[in-house]
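Trainee: Sequence first, then the predicted structure, then my questions.
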Amino acid sequence: MAQILKGKDVVDAVNEKLIGEVTALKEQGVTPTLGIIRVGAKVEDVSYEKGAIKCAESIGVEVKKYLFKENITQEQLLNVIAAINLDLTVHGVILFRPLPDHIDDNTIRKALLACKDVDGITDQSMAGVYTGTDLGYPPCTPRACMEILDHYGIDITGKTVAVIGRSLVVGRPAAMMVLGKNGTPVICHTKTEDMKDICRNADVLIVSAGQAKTIGSEYLREGQVVIDVGINMTADGKLCGDVDFEAAQQIVKAITPVPGGVGRVTTSLLMMHVIDAARKTI
């Protein structure tokens, strides 16, 4: 039976460190503050927002909410972002996307300063990921995958890591982070031939396929570590990942659960970025 890589254990360790960092910053007169920009009220956005606020409160990070109806104009939203860019009391921003169709995503992303882009949505932040430089911040989800591997002492040096999914939010930055840890990433996507063989030959799988239980036993072998990024709702209202967890845990060495795995770590990494952004203002 596989070892279960619980997100809670990672969060507890990360948050304990972050609480100390927030205390030190407040003693210097700086209260790390996250700005949340939400247009509309999608269930998944509201759910993530609640989790982020709960995490922020537990660490001591302040939150300012900027909530708008879906009929907000692009110009109005750009004005909000411009004001936040100038607001020295807001250190990091998370902007829920996708935005309504009448708002150009690229224009909005370009408007946000990279130094406040704590969830890696700007081109500058992505450049930082690809160049390995301290420019902006990486997306929180792939960084959470790396944090889980580090916490459980899983060294990927020289290992083959199959990354399932090629999105700019998870797959591609995750592959760059694997390279940064001296692993060998292989990105798989919907057009990849022999994906089952590639996955079976990999030492680690990072799965962000975007579809429930895409990765079954035929993709797996003994000794592997599986990081499941997916979050899906089953017909009976239960959450599940992109990996068939019940089948996988009978085969692989270790696996993250869904829920209770990567997602839980993501908000702590978001707070880590906010605190770092606040520290840079001193």
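Mentor: Happy to help now that I have it. Just so you know, these numbers come straight off a predicted model, no measurement behind them.

Trainee: For residue 223, pull up the helix or strand it's in.
Mentor: Using DSSP states H and E, residue 223 sits in no helix or strand.

Trainee: ok, which stretches of the stretch 151-282 of the chain are strands?
Mentor: Remark: strands assigned in the stretch 151-282 of the chain by DSSP state E, counting those that start in this stretch are 160-164, 184-188, 204-207, 225-228, 232-233, 239-240, 254-255.

Trainee: so which of these comes closest to residue 97?
Mentor: Nearest to residue 97, of all the strands of the stretch 151-282 of the chain, is strand 232-233, at 19.1 Å by C-beta to C-beta. All C-beta atoms are positioned from the backbone trio N, CA, C, and that covers glycine.

Trainee: Go ahead and name everything in contact with the closest one.
Mentor: In this structure, residues lying in contact with strand 232-233 by C-beta atoms under 8 Å, 6 or more residues apart in numbering are 211-213, 239-242.

Trainee: Most neighbours among these, please name it.
Mentor: Counting by other C-beta atoms under 10 Å, residue 241 has the largest number of neighbours within the contacts of strand 232-233, with 29 neighbours.

Trainee: Residue 261 touches residue 240, doesn't it?
Mentor: No: applying C-beta atoms under 8 Å as the test, residue 261 and residue 240 come out as separate, 11.3 Å apart.

Trainee: do you know which of the strands of the stretch 151-282 of the chain lies nearest residue 100?
Mentor: Per C-beta to C-beta, nearest to residue 100 of the strands of the stretch 151-282 of the chain: strand 232-233, 23.0 Å.

Trainee: Give the partner strands of that closest one in its sheet and their orientations.
Mentor: strand 239-240 (antiparallel) (DSSP bridges).

Trainee: average model confidence for the strand it pairs with?
Mentor: Averaging pLDDT along strand 239-240 yields 91.

Trainee: So this structure: which segments form each domain?
Mentor: Segmentation of the chain into domains, based on the TED database, reads 29-114, 140-263.

Trainee: and the ones you listed, which is most packed in?
Mentor: Ranked by mean neighbour count under mean count of other C-beta atoms under 10 Å, the domains of the chain are led by domain 140-263, which reaches a mean of 19.

Trainee: Span of that one from start to end?
Mentor: Domain 140-263 has its terminal residues 10 Å apart, counting by C-alpha to C-alpha, to the nearest Å.

Trainee: next one: it to chain centre, how far?
Mentor: Distance, stretch centre to chain centre, for domain 140-263: 13 Å (C-alpha atoms, centre = their mean, to the nearest Å).

Trainee: distance of residue 45 from residue 88?
Mentor: Between residue 45 and residue 88 the distance is 27 Å, computed by C-beta to C-beta, to the nearest Å.

Trainee: brain fart, residue 105
Mentor: The gap separating residue 105 from residue 88 is 27 Å, by C-beta to C-beta.

Trainee: Next: residue 261.
Mentor: For residue 261, the distance to residue 88 equals 36 Å [C-beta to C-beta].

Trainee: And residue 76, by the same measure?
Mentor: For residue 76, the distance to residue 88 (C-beta to C-beta) stands at 22 Å.

Trainee: circling back: among the contacts of strand 232-233, which two are most distant?
Mentor: 211 and 239 (14.0 Å).

Trainee: does residue 36 really touch residue 52, like I thought?
Mentor: Yes: between residue 36 and residue 52 a contact is recorded at 6.8 Å, counting by C-beta under 8 Å.

Trainee: Common neighbours of these two, please.
Mentor: 63, 94.

Trainee: Please verify my assumption that residue 274 contacts residue 30.
Mentor: No: between residue 274 and residue 30 no contact is recorded; they are 11.3 Å apart, counting by C-beta under 8 Å.

Trainee: what's the burial count for residue 272?
Mentor: With other C-beta under 10 Å as criterion, residue 272 counts 23.

Trainee: ok, it - contacts?
Mentor: Contacts of residue 272 by C-beta under 8 Å, 6+ apart are 14, 18.

Trainee: where's it relative to residue 231, distance?
Mentor: Residue 272 sits at a distance of 21 Å from residue 231 (criterion: C-beta to C-beta).

Trainee: ok, now residue 13?
Mentor: Separation of residue 13 from residue 231 (C-beta to C-beta) stands at 22 Å.

Trainee: likewise residue 177?
Mentor: As for residue 177, its distance to residue 231 is 20 Å (criterion: C-beta to C-beta).
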